[in-house]
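**Q** coords please:
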Amino acid sequence: MRHEELYELGQQLRVDAVRAADAAGSGHPTSSMSAADLAAVLIARHLRYDFDAPGHPANDRLILSKGHASPLLYALYKAAGAIDDEELLTFRRLGSRLEGHPTPRLPWVDVATGSLGQGLPIGVGMALAGARLDEVPYRVWVLSGDSEMAEGSVWEAVEHAAFEGLDNLTLVIDVNRLGQRGPTRHGHDLDAYARRLRAFGWHTIEIDGHDVEAIDKAFTEAAGTDGRPTAVIAATRKGRGVAAVEDEEGKHGKPLPDADAAIEELGGPRFIRVAVSPPPAAQGHADRKAQTSSPPALPRFDVGSDEATRTAYGRALAALGAARDDVVALDAEVSDSTRTEYFKKEHPDRYFECYIAEQQLIAAAVGLQARGWVPFASSFAAFLTRAHDFVRMASVSRAGINVIGSHAGATIGQDGPSQMGLEDLAMFRAVHGSTVLYPCDANQTARLVAAMADLQGVRYLRTTRSETPVVYGPGEEFPIGGCKVLRSSDEDRATIVAAGTTVHQAMSAAQALAADGIPVRVIDLYSVKPVDVDTLNDAAGATGCLLTVEDHHPEGGIGDAVAEAFADGRPMPRLARLAVRNMPASASAEEQAHAAGIDAESIAAAVKLLVERVMVR
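**A** Coordinates of the predicted model:
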C-alpha cells in the first residue's frame, strides 16, 4: 500500500471511530483519532496476522494498552474484514462484542485493557514467551498512550524488557499531549520519554505520528533492531483532522459534537480493505505442547511428619513441570522462600525471575497464558496486594493464572506486620470466577497444586512458612469445592471450621474439649472458594453452632465464606468467628497465635462460651 493510500486508510479509521462513538452516544473518538495513522501503517505494512486463525502460533500480537481508544481498534478490525460496518455501529450496546474497552469476547483480543499501565507489562510476558519458549519469530506491538507512561507498572516493564533483551517487542507511544483533564506531564516533549527509555537500555525513535512515511521507516527500524526492545515515540494531536476538537482540552471521552460535519471534514467515509500479511509457518510450540499428557509423580509425605506447605508447593510444582511441558513458573526474587527454586533447578528454561516487581510478575503470567502456557506466579502473600489491579484485570481478560502467596498470616512470627499477608483471602475471593485454596498439610498441598493446573480463571493457593504436621495420606483426594471433616460424632455440640495453620490448632482444641466432655466436629475448609455449602449445612444442622478460626483479618476471609453459605435462605446457625483483629508485632508464631486469639486455648474457650449461650437459649 502506497503512502497516499496509507493516509487515506488513516482517515477511514478516524471516520469510523467518529461514527462508532456517535452511534453509541459515548466513547473516546479523539483518543482514537490521534493514533489512526500509526494504526494504519501498522496493519497495512507491518502486522503479520491471520484474522481467520487468531490462535496461530506465529501471529504477531497487538495490545491496545490505551484501551479507551477501542473505536480505533474496532475500525482496524473492520478494515481487515474481521467485522462488518453493521457490527461496528453496535459499539457499546448491550450484547455487542465491541465493548467500551476491549476484552477477549473478541477472538483477536488476547487480554482486556482499559486499566492504564497494563498493556506493556503484559506485552513483556508475551514477548518472553516468543523469545524463550515458543521460539517463534512473532513480534509484540503495544500501542500506549502518553498519560499511562506515568504508571509505575510501565517502568517495571520497561526495565524488565531491557534486561531480557526483548527485541521482539515494540512499544508505540501515542504522545497526543492531552490526558483526561488537561495536558500530560511532558506534553509534546518527546525527548523526555526517550531519555528515560534509553536510560533503561531501550532503542528509541522519535517521529511525527502523522507522517506515514516516517512511521513506516520507524516500524521497519524497530523490527530490524537486535538485542533490545524499541520504543517508537510519536508526536500526535488528539482529535486529529477535525478543527473543532483537534488538540483541544475538554474533549476527552465524548462523541464529537457534530459527527456529520466532522466526517465531511475528514473527507467522508471510505471503504478500504486491507490484506493483512499472514504470519510465517510455525512449528515448535504447538508440537511441544501436544506432548503434555503424563500425570505428575507428586511428592509423598509421611503422616505424622512435619513439613511446611510452601516446601510441598515447590516440590509439587517441580513434579508438575516434569509431567507437563506447558507449565511455567515465575517468582518475585523470593524463590528460596516460596520454594519455587525447586522448579528453577529442574526446569530452568521455563523459570522466569521477575525480581521485586509484583505487578510485572502477574502481568507476565497473564501474557504467558495468552500464548497457551500454564503459569504459576509466586511471592509473599503480603506483597501480592501491590498487584491487585493486575489480578482483577486478569479476570476481565478471562485469563487462567495460578498465584501462590507464601508466608501468610500472623503466625509467620518475628518479621512483624509488614510481612504478614492478612488480606489476601479477601482480595482473591473478591475476584470474579476465582478459586481460593488454603491447604493445611504437605500432601494436601501437592494434590491441590496438581489440580490447579487444569482449572479456569484466577487460582490462588495460600501457603505457610512454618512446618505443620502431615495429617493426610498421599493418596487422599481433595476435590475443588470440597472440605474434609477431620473429627465428628453424633454427640457433637459445635463445629470448628478452620483452614491452613488453624486446622492444627482446632484439632488440639477439640482434644482438650473432649476431655472436658464437649465433643466437637472439626472441618478443614481447604477450599475457601468455592466453599462446600452442603457439608457446612449438614454440620450446622447436626451441631447447631459454628466457630470459624482463621489466620487472616475477619473481613472477607474464612468467616465470611462460611457465613455466605447460609445467605440464600438456609437456616443460619449460631456463628462465632475468631480472626486476627489486633495489629501484630514481632513475636514467635505461638505468641502471635495466642495474641490474636486463634490458638488452641482461645478456640476451646470460644467453643465453651458458644455452647453455653446455646444452652441458655
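**Q** From now on I want contacts and neighbour counts done on CA atoms only, so please keep to that.
**A** Fine.
**Q** Where do the helices of the stretch 101-250 of the chain begin and end?
**A** 119-128, 152-164, 190-199, 212-223 (DSSP state H, counting those that start in this stretch).
**Q** Pick the most buried one from those helices.
**A** Mean neighbour count (mean count of other CA atoms under 10 Å) peaks for helix 119-128 among the helices of the stretch 101-250 of the chain, with a mean of 30.
**Q** hang on, the earlier thing: so for Asp441, which of the helices of the stretch 101-250 of the chain sits nearest?
**A** helix 119-128 (32.4 Å; CA to CA).
**Q** what's the neighbour count on Gly224?
**A** When neighbours are counted by other CA atoms under 10 Å, Gly224 registers 12.
**Q** How about Asn582?
**A** For Asn582, using other CA under 10 Å, the count is 12.
**Q** Pro295 now?
**A** Pro295 has 12 neighbouring residues, counting by other CA under 10 Å.
**Q** and it, that's in a strand?
**A** No. Read with DSSP: H, G, I helix; E, B strand; the rest coil, Pro295 is coil and lies in no strand.
**Q** give the contact list for it.
**A** 320, 323-324 (CA atoms under 8 Å, 6 or more residues apart in numbering).
**Q** out of these, who's nearest Ile233?
**A** Among the contacts of Pro295, Arg324 lies closest to Ile233 (CA to CA), at 40.8 Å.
**Q** how about that closest one, phi and psi?
**A** Backbone geometry at Arg324, expressed as degrees, to the nearest 10, gives phi -130, psi 120.
**Q** That one and Asp16, how far apart?
**A** The gap separating Arg324 from Asp16 is 46 Å, by CA to CA, to the nearest Å.
**Q** Of those two, which one has the most company?
**A** Neighbours per residue (other CA under 10 Å) separate Arg324 from Asp16, with Asp16 holding more: 29 against 20.
**Q** how about low-confidence regions in the stretch 251-400 of the chain?
**A** Filtered on pLDDT under 70, the stretch 251-400 of the chain yields the residue ranges 282-293.
**Q** which residue ranges form the strands in it?
**A** Here the stretch 251-400 of the chain has its strands, by DSSP state E, counting those that start in this stretch, at 306-308, 327-331, 351-353, 374-380.
**Q** Can you spell out which helices and strands pack onto the longest one?
**A** Translated: strand 374-380. Secondary-structure packing of strand 374-380 (3 or more CA pairs under 8 Å, 6 or more residues apart in numbering; DSSP states H and E): strand 327-331, helix 335-338, helix 358-370, strand 401-406.
**Q** Save the helices of the stretch 101-250 of the chain as a markdown table, and put in distance to Glu550 too.
**A** Output for the helices of the stretch 101-250 of the chain, formatted as a markdown table (distance: least, CA to CA, whole Å):
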| stretch | distance to Glu550 |
| --- | --- |
| helix 119-128 | 34 |
| helix 152-164 | 32 |
| helix 190-199 | 46 |
| helix 212-223 | 53 |
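**Q** closest to Asp349 out of those?
**A** helix 119-128 (11.3 Å).
**Q** Off-centre distance for the closest one?
**A** 12 Å (CA atoms, centre = their mean, to the nearest Å).
**Q** Thought Pro269 was touching Val15, still the case?
**A** Yes. The criterion here is CA atoms under 8 Å, and Val15 meets it with Pro269 at 6.2 Å.
**Q** Counting neighbours around each, name which of the two comes out higher.
**A** Legend: neighbour count by other CA under 10 Å for Val15 and Pro269, higher for Val15 (28 against 15).
**Q** Pretty sure that one sits in a helix.
**A** Yes. Judged by three-state DSSP, Val15 forms part of a helix.
**Q** What's the per-residue pLDDT of it here?
**A** On pLDDT, Val15 comes in at 98.
**Q** Give me the nearest residue to it, chain neighbours excluded.
**A** Closest residue in space to Val15, ignoring its immediate chain neighbours: Ile263 at 5.6 Å, by CA to CA, 6 or more residues apart in numbering.
**Q** contacting residues for that neighbour?
**A** Counted by CA under 8 Å, 6+ apart, Ile263 has contacts 15, 18, 269.
**Q** One more: Lys529?
**A** Shown in contact with Lys529 (CA under 8 Å, 6+ apart): 429, 434-437, 481, 561.
**Q** now the nearest residue to Phe301 once chain neighbours are set aside: how far from Ala450?
**A** Counting by CA to CA, 6+ apart, Asn443 is the residue found nearest to Phe301 once chain neighbours are left out, at 6.1 Å. Shown here: Asn443 relative to Ala450, a distance of 11 Å by CA to CA.
**Q** what about these two, which has more around it?
**A** More neighbours surround Asn443 than the other of Asn443 and Ala450, with 29 against 20 (other CA under 10 Å).
**Q** Report the angle between whatever helix or strand that one lives in and strand 374-380.
**A** If you go by DSSP states H and E, Asn443 is part of helix 442-452. Using axes from the mean of the first three to the mean of the last three CA atoms, to 10 degrees, the direction of helix 442-452 lies 140 degrees away from that of strand 374-380.
**Q** And helix 442-452, what does it pack against?
**A** On a contact count with 3+ CA pairs under 8 Å, 6+ apart, helix 442-452 meets helix 309-323.
**Q** Which strands or helices does the helix it packs on pack on?
**A** Counting by 3+ CA pairs under 8 Å, 6+ apart, helix 309-323 packs on strand 327-331, helix 335-338, helix 341-346, helix 442-452.
**Q** So which of these is nearest Leu609?
**A** helix 442-452 (31.9 Å).
**Q** Need the contact partners of the closest one.
**A** 296, 298-301, 307-309, 311-313, 315-317, 320, 402, 437, 439, 459, 461, 470, 472-474, 476-478, 480.
**Q** which of the residues you listed count as buried?
**A** Taking 16 or more other CA atoms under 10 Å as the criterion, what is buried in those is 296, 298-301, 307-309, 311-313, 315-317, 320, 402, 437, 439, 459, 461, 470, 472-474, 478, 480.
**Q** Sketch out the strands for the stretch 451-600 of the chain, chain order is fine.
**A** With DSSP E, counting those that start in this stretch as the criterion, the stretch 451-600 of the chain has strands spanning 458-462, 467-469, 484-487, 494-498, 520-524, 527-529, 545-549, 574-578.
**Q** right, so those: which one is the most enclosed?
**A** The most buried one of those (mean count of other CA under 10 Å) is strand 494-498, showing a mean of 28.
**Q** Pairing partners for it, with directions?
**A** Here strand 494-498 has these sheet partners by DSSP bridges: strand 520-524 (parallel), strand 545-549 (parallel).
**Q** now those strands in TSV, with distance to Ser96 and mean pLDDT?
**A** Below are the strands paired with strand 494-498 laid out as TSV (distance: least, CA to CA, whole Å; pLDDT from 0 to 100):
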stretch	distance to Ser96	mean pLDDT
strand 520-524	44	98
strand 545-549	44	97
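**Q** Just the CA coordinates for stretch 437-450, please, in CSV.
**A** Presented in CSV, the C-alpha positions along stretch 437-450 are these (Å, rounded to 0.1, in the frame of the first residue of the first chain):
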residue,chain,number,x,y,z
LEU,A,437,-7.3,-22.7,48.3
TYR,A,438,-5.7,-22.9,51.7
PRO,A,439,-4.1,-26.3,52.5
CYS,A,440,-3.1,-27.4,56.0
ASP,A,441,-0.5,-30.1,55.2
ALA,A,442,2.0,-31.2,52.6
ASN,A,443,0.1,-34.0,50.9
GLN,A,444,-3.0,-31.8,50.6
THR,A,445,-0.8,-29.0,49.1
ALA,A,446,0.7,-31.3,46.5
ARG,A,447,-2.7,-32.5,45.3
LEU,A,448,-4.1,-29.0,45.1
VAL,A,449,-1.2,-27.8,43.1
ALA,A,450,-1.8,-30.5,40.5
